Each structure stands twice: as C-alpha cells, then as structure tokens.
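Participant: Sequence and predicted structure are below.
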Amino acid sequence: MELKIDGLEVKYGSHKALDGVSFTVGEGEVVGVVGPNGSGKSTLIRCIAQIHKPSHGTVLLNGRDALKMEPGEIARVIGYVPQNFHYLFFSTVMETVMLGRKPHIKWRVTPHDLAIVQQSLEAMNIRHLADKFMDQLSGGEKQKVYIARALAQEPELFLFDEPTSNLDLKHQIDVLEITRSLTRTGKKSMIVALHDLNLAVTYCDKILVLTRGKIYAAGKPEEILTPQTIKDVYGVDVFIVE
Ligand code: ADP
Ligand code: MG
C-alpha cells in the first residue's frame, strides 16, 4: 500500500488540530508518529482511517482518493486500532476477532474466514483466550485482541494508535515485532503512534514528529530524534538513544 497525504487540515471549532500535514508512506514501510499529548497524532490517524473528514487536503490510498471510497472498501484496506477502544462485554475473543472478517464476508462465514481468525489469534499468542469474554481480560489482553481483529481484516495498511500503551515492556516488544514482521512479509504498511521514543527508534523506518498539529521533522529515526528535537518538542533535556 502506498499512502500519500497532502496538506491535511482538521479543525475542532476554531482550533486547528492538524495544519498542513503532508507525507508519504511506501509499501512495507513502518512509520512512527511521535509528539507530545495533544499534538495531533490520534487526529491524524483517524483522518487517514476516514473517521474524521479533513477541512482541507487529500488522502490517497494507492493513488485513489480515500474521501471518495465507501466505508466497506476502506475496511478492506485499512486496519485501525484506536487509542481508546470500547468493547462488547458479552462478546468472546473469537467473536471480536471474527468481526475483522466482516468487510470480506459476502454471504456467510467460510472455512477460510475461520482459518484467518485462528491465524490472527495465533499471531498475537491469544489462541488460548478464544472463548473468554472480553470483560474477563486484562487491558493488555484486550489490546492484543483488537490488534488480532485488525490482522483478521487482512488490510493493506495498519493504523495503530498507541498499541502498546497497556502492555509491559516484553509485550510491547512482542506486539511491535509481530506487527512489523507481518508488515514486511505481506508488503503492507503501518503507521503507529508511539510515546516511547526508544521503541520508535527501534521499530520504525521513518519517524514523523508532530507538534501542535504540524510536522516538526520527518525522516530516519536516528537523524530525526536528536537531543535538539527532544528539547524543542518535549521541552526536556534528558534523553538517551543508544
Ligand atoms: P494526540 O493524539 O497527539 O494526543 P489528538 O489528536 O488527540 O492528539 O488531539 C489534538 C488536539 O485536538 C488537542 O488539542 C485535542 O484537545 C483536540 N481534540 C482532539 N479531539 C477533539 C474533539 N473530538 N473535539 C475537540 N477537540 C479535540
Ligand atoms: Mg492520541
């Protein structure tokens, strides 16, 4: 999937949450979005997922205008995991992941759909949870279920908004390893909002630094996440990258 964003602007009332954001994401690329709270990371991701319509600018998915695509079509190409998700208490893990197949199911669930659901559960190491109800899970387990649901969608572009925020370090690394390798092998693309700059440096091919709705800098992690950037953007002096 190739994604091209040009001049994106989003307003909440008179407040510009995104202001002239442009960048591209290539096939197989993992792009990290970092920046302080309120800098526009979630807004940017929701805008690409077509949950927010921008007041200006374009989002092109493989050269096609996403604003003109049907919701069902978007759901076949974009797998989005929001920062804060709502879950259905009375659904099992299996049912929740099965929802990811919905955009692909024409008439009824096929053995192929069930196989994809099983693979997605396995990829996230949560197969043993398949029959549990969502409200029986820890925060980290729920997060893995939602990532599995996105995998079951078999999208071309993953949009993960702080996918590791409920996880301990081992599980953070697990999730990023798994999703990055799926992105690479399947020639998919991934945009991931991260707070942890060390994880961003380790797992992303490209970093986008947002401040107050604008791109402060974009490029290779080691070139972008310099002590000067950290000071300018986060207002702190102490930051160590190996
Ligand atoms: P981040 O994900 O980087 O923390 P957000 O995209 O959530 O940033 O928010 C960007 C800005 O837009 C913030 O100033 C936030 O308060 C504002 N904002 C986000 N969502 C809404 C909303 N639904 N209504 C009004 N303002 C919002
Ligand atoms: Mg956010």
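Facilitator: Right, received. Where do you want to start? Numbering: from 1, shown residues only. Ligands and ions are numbered 1, 2, ... in the order given.

Participant: Please identify which helix or strand holds Gly32.
Facilitator: Using DSSP states H and E, Gly32 sits in strand 30-34.

Participant: Establish whether that strand and ligand 2 are in contact.
Facilitator: No: shown here: strand 30-34 not in contact with ligand 2 (C-beta under 5 Å from the ion), separated by at least 9.2 Å. Every residue, glycine included, has its C-beta placed from N, CA and C.

Participant: The following helix or strand past that strand versus strand 30-34: what angle between them?
Facilitator: Using DSSP H and E, the helix or strand that directly follows strand 30-34 along the chain is helix 41-48. On the basis of axes from the mean of the first three to the mean of the last three C-alpha atoms, to 10 degrees, helix 41-48 is oriented at 140 degrees to strand 30-34.

Participant: next SSE after helix 41-48?
Facilitator: Using DSSP H and E, the next helix or strand after helix 41-48 towards the C-terminus is strand 56-61.

Participant: Tell me the buried residues in that following strand?
Facilitator: Buried residues in strand 56-61, counting neighbours by 16 or more other C-beta atoms under 10 Å, are found at Gly57, Val59, Leu61.

Participant: quick check, nearest of those residues to Tyr216?
Facilitator: Closest approach to Tyr216 among the buried residues of strand 56-61 (C-beta to C-beta): Gly57, at 18.1 Å.

Participant: so who does that closest one touch?
Facilitator: Going by C-beta atoms under 8 Å, 6 or more residues apart in numbering, Gly57 touches Ile5, Asp6, Gly7, Leu8, Glu9, Gly20, Val21, Ser22.

Participant: now the residues you listed in a markdown table, with secondary structure, distance to Ser42 and pLDDT?
Facilitator: Formatted as a markdown table, those follow (DSSP: H, G, I helix; E, B strand; the rest coil; distance: C-beta to C-beta, whole Å; pLDDT from 0 to 100):
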| residue | secondary structure | distance to Ser42 | pLDDT |
| --- | --- | --- | --- |
| Ile5 | strand | 15 | 97 |
| Asp6 | strand | 20 | 97 |
| Gly7 | strand | 19 | 97 |
| Leu8 | strand | 14 | 97 |
| Glu9 | strand | 16 | 97 |
| Gly20 | strand | 18 | 97 |
| Val21 | strand | 13 | 98 |
| Ser22 | strand | 19 | 98 |
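
Participant: quick check: longest helix of this structure.
Facilitator: Secondary structure assigned by DSSP state H gives helix 169-185 as the longest helix of the chain.

Participant: Burial check on the closest residue to ligand 2 within the chain, number of neighbours?
Facilitator: At 3.2 Å from ligand 2, Ser42 is the closest residue in the chain, using C-beta to the ion. For Ser42, the number of neighbouring residues by other C-beta atoms under 10 Å comes to 20.
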